[in-house]
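Asker: Only the shape, not the letters, is given here:
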């Protein structure tokens, strides 16, 4: 049985939350920020988007333009927005940091998350 490492979030809305997966952490953070700020999703969309997909969109179809088979891999957000959930853990870490930037939160100070180094550093390693 694989060991499950909890992901702890502190200070998002003045509380402490224990989440079991990085996906749960990312979904919780974006959901919370979108609930507190109706303009968050629009700002997030304008500032950050992937090469072939969007992080957030007004419809599921716009999340995965070139891969409609992934439309089911989405999470509803306030205001009729949708969050893409099909991505690697290294991308989830990047999205969490990007969401903090859009919300004006300092990652590591105002939002503290336990992210195992094997996940956090994967994206920063040079390709061989």
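Answerer: Looks like it arrived, so ask away. Bear in mind the structure is a predicted one, so any value in this text is a computation, not a measurement.

Asker: Now do the strands in the protein.
Answerer: Using DSSP state E, the strands of the chain run over 7-10, 16-19, 56-57, 74-76, 82-84, 112-113.

Asker: Let's have these in a markdown table, adding mean neighbour count.
Answerer: Bear in mind the C-beta positions are built from the backbone N, C-alpha and C, glycine included. Compiled in a markdown table, these are given as follows (neighbours: other C-beta atoms under 10 Å):
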| stretch | mean neighbour count |
| --- | --- |
| strand 7-10 | 18 |
| strand 16-19 | 14 |
| strand 56-57 | 23 |
| strand 74-76 | 17 |
| strand 82-84 | 22 |
| strand 112-113 | 19 |
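
Asker: Compare those and give me the one nearest residue 39.
Answerer: Distances from residue 39 to each of the strands of the chain were compared using C-beta to C-beta; the shortest belongs to strand 56-57, at 12.1 Å.

Asker: any residues touching the closest one, and which ones?
Answerer: Contacts of strand 56-57 with the rest of the structure, by C-beta atoms under 8 Å, 6 or more residues apart in numbering, involve 30, 41, 44, 45, 63, 77, 81, 82, 83, 84.

Asker: Parallel or antiparallel, list what pairs with it.
Answerer: With DSSP bridges as the criterion, the sheet partners recorded for strand 56-57 are strand 82-84 (antiparallel).

Asker: Thanks a lot, see you next time.
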